[in-house]
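Enquirer: Give me a 3D structure for the following:
(7 chains)
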Amino acid sequence: MAAALRRFKPLFDRILVERFTPELKTKGGLLIPEKAQAKVLDATVVAVGSGLRKEDGTFTAMTVGVGDRVLLPEYGGTKVEIEDKEFHLFREGDILAKWEQDS
Amino acid sequence: MAAALRRFKPLFDRILVERFTPELKTKGGLLIPEKAQAKVLDATVVAVGSGLRKEDGTFTAMTVGVGDRVLLPEYGGTKVEIEDKEFHLFREGDILAKWEQDS
Amino acid sequence: MAAALRRFKPLFDRILVERFTPELKTKGGLLIPEKAQAKVLDATVVAVGSGLRKEDGTFTAMTVGVGDRVLLPEYGGTKVEIEDKEFHLFREGDILAKWEQDS
Amino acid sequence: MAAALRRFKPLFDRILVERFTPELKTKGGLLIPEKAQAKVLDATVVAVGSGLRKEDGTFTAMTVGVGDRVLLPEYGGTKVEIEDKEFHLFREGDILAKWEQDS
Amino acid sequence: MAAALRRFKPLFDRILVERFTPELKTKGGLLIPEKAQAKVLDATVVAVGSGLRKEDGTFTAMTVGVGDRVLLPEYGGTKVEIEDKEFHLFREGDILAKWEQDS
Amino acid sequence: MAAALRRFKPLFDRILVERFTPELKTKGGLLIPEKAQAKVLDATVVAVGSGLRKEDGTFTAMTVGVGDRVLLPEYGGTKVEIEDKEFHLFREGDILAKWEQDS
Amino acid sequence: MAAALRRFKPLFDRILVERFTPELKTKGGLLIPEKAQAKVLDATVVAVGSGLRKEDGTFTAMTVGVGDRVLLPEYGGTKVEIEDKEFHLFREGDILAKWEQDS
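Expert: Have a look, this model is predicted:
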């Protein structure tokens, strides 16, 4: 992970994710034109905030962690560029689901 | 259930459901054209989240569980595709009712 | 009551009601055309939810019960079809009033 | 009071009122055409609900009671017909004022 | 104060005020046409409610009392006629300021 | 300070301020036409309310006091005229910042 | 830091930041026309408020401090001019992220 990314700390319940790269070819090997590429809603969590601030000054525990694969909503989120690479910030409550690790 | 589905964990009070397949024929056996097929509001619960986060950090117990047959609202929900199969995510508070098990 | 209905459980503070059938004739015996029939706002409660979830995880007691005759608001509610019969779901807070039993 | 009315129980903080009849003649005895009759905002309380539900499950005490003369807001309220007589339902918080009894 | 007014009790945090009469002449003695008369925002408190209902069923103490001179917002409030005299009802939180008594 | 002003008490968290007079000349001494004069956002606090009412009936302490120089938001506030002089009322939460005293 | 800035105290959870200066040349040394210059979302914190007021009258601790490099949202914030230099005020909750110090 880039040094800059390691020092990036989302505030409160924000989560920085990196979207999966879209499929560029069909299973048969044909190139998919950009407009026909499905919007990728799968992403990997890259950095997480400290959580929402509670009345007593502590923060809620986050339900997703760095490395988790998550399902993003189709709309929303904020594009962020860190060292020429594209990431997105979402609030924890807007993330739809995560994929639990194999155990 | 597919392996991918078993690892799918909705966040907070979200519920993943699979809609019943629409009636394709009339009781008399005639094919129903797609536009005339009634919107199916019955669904089976496939995965449930941990519940809403309470002030003390714990989560509310969910009122529906995996396998429950539920009644969906006509609008709302988020379409999700998992391994080429269509599911929908709803928030617990938007689900209208469930059918209790025979006892 | 139909078997299906007995297993129907509205979620949270939802209430399933069956509207009274509209008057089809005047007191004098004349047929009332459908457009002139008054909207029926009286209904019988058929099933009730567990109540709103409170902060401690328990539910509020419902103020109407199965069999109660209630007064519905003119708008709102969700039409539900159970075994080809029409019912409506309302939230408890939207029901205007109930008729107390003779004692 | 009609028997039906005695059994009518508004839900929560709703209040059933009967509006004062509008003045149909001027003080000088002339008939006032209906369009010129002032909207009557004075009403008598006919039935009151149990109050708003509090977090602990009890209800707030109502600040107006049956028989009170109250001042209604110009807009709002829900018309209700009980045995061919017209009444109106208002929420307690929308009632502007009451006239205290002579003591 | 008229008898009717003495029995008028605004509900909750409502306050009944009587606006100051607008200046009808310039300091030099010229009549001011009605359209040029400034909107009078000063008023005298005539009756006050019991305050907002708190969670424990008691009411908040009101910060203005009968006889106080207050500053009204330019818009809002509800016109009320009591025995052919015009008053206005405002919620306590909408009143801008009061003039403290000379001490 | 005028006597009237001393008795003026804003309600709740309202703050009465007097805006700084706009610059009428450039640094070089030229007159600035009125339309070109920048909107003055600096003001001096002239009177403060008792604070917001808390659940227990007491009031929050105000974070600005009489005499403080504050920075106003560009929009909002209510113009008030006291003895032919112009003031503005703002809610404490809308004031952007204050200038701390030299120590 | 200018003397005026040292005495500038944002109210509540407001944060005064100074935006990074935009890139005026490409890496190859060519001048970038103003319209093509990317909006700079990186900024340095110059002054912070006391935090949000809690129910008990104390304030929440701020999660960013003077000197922190932060990531601003693309829209929002209030432009403030202090001694002819441009700054921006943001609420703590609108700041997207901060860069943690090297350790």
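Enquirer: how about the residues of chain A near chain G?
Expert: Taking CB under 8 Å from any CB of the partner chain as the contact definition, chain A meets chain G at A:4, A:7-12, A:14, A:16, A:47, A:49-50, A:53, A:55, A:57, A:78, A:80, A:89. (C-beta placed from N, C-alpha, C; glycine too.)
Enquirer: So which of those residues sit within helices?
Expert: Within the residues of chain A next to chain G, membership in helices is found for A:A4, as judged by DSSP state H.
Enquirer: which residues does A:L5 contact?
Expert: Residues touching A:L5, when contacts are defined by CB atoms under 8 Å, 6 or more residues apart in numbering or on different chains, comprise A:V46, A:A47, A:I82, A:E83.
Enquirer: what bridges to the residue nearest the centre of chain A?
Expert: Centroid-nearest residue in chain A: A:V17, 2.2 Å away (criterion: CA atoms, centre = their mean). Beta bridges link A:V17 to A:V45, A:H88 when assigned by DSSP bridges.
Enquirer: Number of residues surrounding A:G29?
Expert: 6 (other CB atoms under 10 Å in any protein chain shown).
Enquirer: State the distance from it to chain B.
Expert: Per CB to the nearest CB, to the nearest Å, A:G29 is found 19 Å from chain B.
Enquirer: go on, A:L52?
Expert: Between A:L52 and chain B the distance, using CB to the nearest CB, works out to 8 Å.
Enquirer: ok, that residue touching A:D13?
Expert: Yes - if you go by CB atoms under 8 Å, A:L52 and A:D13 touch, sitting 4.8 Å apart.
Enquirer: before we move on, back to that, going by neighbour count, which of the contacts of A:L5 are buried?
Expert: Among the contacts of A:L5, those classed as buried by 16 or more other CB atoms under 10 Å in any protein chain shown are A:V46, A:A47, A:I82.
Enquirer: what's the closest of these to chain G?
Expert: Compare each of the buried ones among the contacts of A:L5 with chain G using CB to the nearest CB and the shortest gap goes to A:A47, at 7.9 Å.
Enquirer: I'd assumed A:F8 was in contact with the closest one.
Expert: Yes - with contact taken as CB under 8 Å, A:A47 and A:F8 are classed as touching, separated by 5.3 Å.
Enquirer: Mutual contacts of these two, please.
Expert: If you check A:A47 and A:F8 against CB under 8 Å, 6+ apart, the residues they both contact are A:L16, G:A97.
Enquirer: circling back: what would the buried ones among the contacts of A:L5 look like in a markdown table with distance to chain B?
Expert: Shown next, in a markdown table, are these (distance: CB to the nearest CB, whole Å):
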| residue | distance to chain B |
| --- | --- |
| A:V46 | 17 |
| A:A47 | 17 |
| A:I82 | 25 |
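Enquirer: May I see these arranged in JSON lines, with distance to A:G65 as well?
Expert: As requested, the buried ones among the contacts of A:L5 are arranged in JSON lines below (distance: CB to CB, whole Å):
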{"residue": "A:V46", "distance to A:G65": "11"}
{"residue": "A:A47", "distance to A:G65": "10"}
{"residue": "A:I82", "distance to A:G65": "19"}
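Enquirer: ok, the residues you listed vs chain C, which is closest?
Expert: The nearest member of the buried ones among the contacts of A:L5 to chain C, counting by CB to the nearest CB, is A:A47 at 31.8 Å.
Enquirer: ok, for that closest one, nearest residue in space, not its chain neighbours?
Expert: The spatially closest residue to A:A47, leaving aside those adjacent along the chain, is A:L16, at 4.1 Å (CB to CB, 6 or more residues apart in numbering or on different chains).
Enquirer: Return the distance of the one you found relative to chain F.
Expert: When CB to the nearest CB is the yardstick, A:L16 and chain F sit 30 Å from each other.
Enquirer: now A:M62
Expert: With distances taken as CB to the nearest CB, A:M62 is found 29 Å from chain F.
Enquirer: Measure how buried that residue is and give me the count.
Expert: A:M62, neighbours per other CB under 10 Å, totals 19.
Enquirer: I figured it was touching A:E92, is that so?
Expert: Yes - proximity of A:M62 to A:E92 meets the contact threshold set by CB under 8 Å, at 6.1 Å.
Enquirer: A:T44: neighbour count?
Expert: A:T44 has 14 neighbouring residues, counting by other CB under 10 Å.
Enquirer: Nearest residue to it in space, please, no chain neighbours.
Expert: With sequence-adjacent residues excluded and distances taken as CB to CB, 6+ apart, A:T44 is closest to A:E18, at 5.2 Å.
Enquirer: State the distance from that neighbour to chain B.
Expert: Using CB to the nearest CB, one gets 18 Å for the distance from A:E18 to chain B.
Enquirer: To what extent is that residue buried, counted in neighbours?
Expert: The number of residues packed around A:E18, counting by other CB under 10 Å, is 16.
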